[in-house]
Every structure is written in C-alpha cells, then in structure tokens.
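1. Can you look at this prediction? I've put the sequence above it.
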Amino acid sequence: GAVVSQHPSRVICKSGTSVKIECRSLDFQATTMFWYRQFPKQSLMLMATSNEGSKATYEQGVEKDKFLINHASLTLSTLTVTSAHPEDSSFYICSARDWSSETQYFGPGTRLLVL
Amino acid sequence: AQTVTQSQPEMSVQEAETVTLSCTYDTSESDYYLFWYKQPPSRQMILVIRQEAYKQQNATENRFSVNFQKAAKSFSLKISDSQLGDAAMYFCAYRNPNTGNQFYFGTGTSLTVIP
C-alpha cells in the first residue's frame, strides 16, 4: 500500500536554531500535503495545507514566518521550524493526498524536542 | 473550521466484549467523509473505518462497524470481540472534499482492553 515517510523521526535541538522536517510520498504523487501538530495526550491540530508549486495555506493562529512550508515537488513537502523555542516541542505529523485515488495517508510523525 | 466532539476521554472493555465509542460533529455541508483512526503508542495513525456521508448504509470492516446518523450528526464506532491489540487512542475525524480535504479531529478516546 501507499507509504508516507517523515525524516527525521525524532530531533533534539537548541533553542534559537531551525529544524527542517521532510514528508515524502514514496509511491504516489501528492499534490496536497497537510501538516499537523500533536501535543502530549491531545488531538492532532491542523497547522497548514501544502500545495505543490504554490504557497501554503495556514490555519488561524499558526505563524507562517515561524513554520515555513515548501512543497517543491509532487512527492516532497518540508516544514521548517525557525528559531525554535521549547514551546515548539511537539509531535509533527504530515499526511499526503494521493490525487489519483483521493485517499490520504499519514506519515509516522516527527518528535521535536527543543532544549 | 468544523468541530468534532468525542465525549469519552477514556473507555475500557473486557477482552472479547463489545464497546462503542461516541462521536458527534458539526457541519453545514452535505457532502463529506467521516473516519475513525487508531493511534497506538507508536503514534502512527491507522485508518480503522471510513464512511461517505451520501451513503445510508453503515460501513463495516471485520470487527469494526459504525452507526452513522446523518441528521443527528452522530458517528459512533462499535468494536466487537475486543482484542488486546485494540488498545489505543481512537480519533474520530471529518473531511470535506469541497473545502480543502484537510482532516478535523476529535479530542480522542483512550481505549483500554482488560484481559
């Protein structure tokens, strides 16, 4: 079946640095990818919608200058957390929409810890 | 944004017994999809079952079935013959293909299966 990968699976960084998380669709083309954030024991909250070749659409309350999203190809979207702070520590999950089947698949998530 | 409500933060069931998880949602749309996802400790989101709003027949997948009440905007999940491997967080989710395809998740229900 279709697979979505995320890299890295976990990352620890110092406060003030930037971290890039990759989301890849491995055997299908994804014109749209979504980025979610999940705090411990909470639900997934949509951060932004990433469209291939165009600007991302951010949900209300999500700072677009802090969470930079790039969807440069049909199989790759990246989320860069700029100037990370401890409150950005969370679990980040992407999902990718297979345009041919209208099905979405979730990545395994990336655990970010900012010290 | 759409709202999805899960009123049961925690549920438990005896192994081999049946349990029902509740979910209600709020939307003014007529065309949408509803899902139940399972999230085990690995945090990977696993699709349990999906229901198209235009279908009156309730979806079933082996031991998992739903009770979809469109007028009441209710979408409960029934797990029959519960197994130890069913223990996980369960999230109810809404998706509208006409307004962006992003998922809106409920707050989740933590299911414990008692041997």
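-> Structure's in. What do you need? Numbers count the residues shown, from 1 in each chain, chains lettered A, B, ... in the order given.
2. At which residues are the strands of the chain located?
-> In the absence of a named chain, chain A is used. For chain A, applying DSSP state E gives strands covering A:4-7, A:10-13, A:19-25, A:30-38, A:44-51, A:57-58, A:67-73, A:76-81, A:90-98, A:103-106, A:110-114.
3. my bad, chain B
-> B:3-5, B:10-14, B:19-21, B:24-26, B:33-39, B:46-52, B:60-61, B:64-69, B:74-79, B:88-95, B:103-105, B:109-114.
4. I'd like to know which elements the lowest-mean-pLDDT helix or strand in chain B is packed against.
-> Least confident helix or strand, chain B: strand B:103-105 with a mean of 91, by mean pLDDT, DSSP states H and E. Helices and strands touching strand B:103-105, as assessed by 3 or more Cβ pairs under 8 Å, 6 or more residues apart in numbering or on different chains; DSSP states H and E, comprise strand A:44-51, strand B:3-5, strand B:88-95. Any C-beta I mention is one placed from the backbone N, CA and C, and that applies to glycine too.
5. Tell me which of those strands lies nearest to B:Gln39.
-> Closest of the helices and strands packed on strand B:103-105 to B:Gln39 is strand B:88-95, at 4.4 Å (criterion: Cβ to Cβ).
6. That closest one vs chain A: in contact?
-> Yes. Strand B:88-95 is in contact with chain A by Cβ under 8 Å from any Cβ of the partner chain, via B:91, B:95.
7. For that strand, list the C-alpha coordinates in PDB.
-> Provided in PDB are the C-alpha atoms of strand B:88-95 (Å, rounded to 0.1, in the frame of the first residue of the first chain):
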ATOM      1  CA  ALA B  88      -5.000   2.600  21.600                       C
ATOM      2  CA  MET B  89      -6.200   6.200  21.200                       C
ATOM      3  CA  TYR B  90      -9.100   6.400  18.800                       C
ATOM      4  CA  PHE B  91      -9.800   9.600  16.900                       C
ATOM      5  CA  CYS B  92     -13.000  10.500  15.000                       C
ATOM      6  CA  ALA B  93     -12.300  12.700  12.000                       C
ATOM      7  CA  TYR B  94     -14.200  14.800   9.500                       C
ATOM      8  CA  ARG B  95     -13.100  15.600   6.000                       C
END
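8. Lovely, talk soon.
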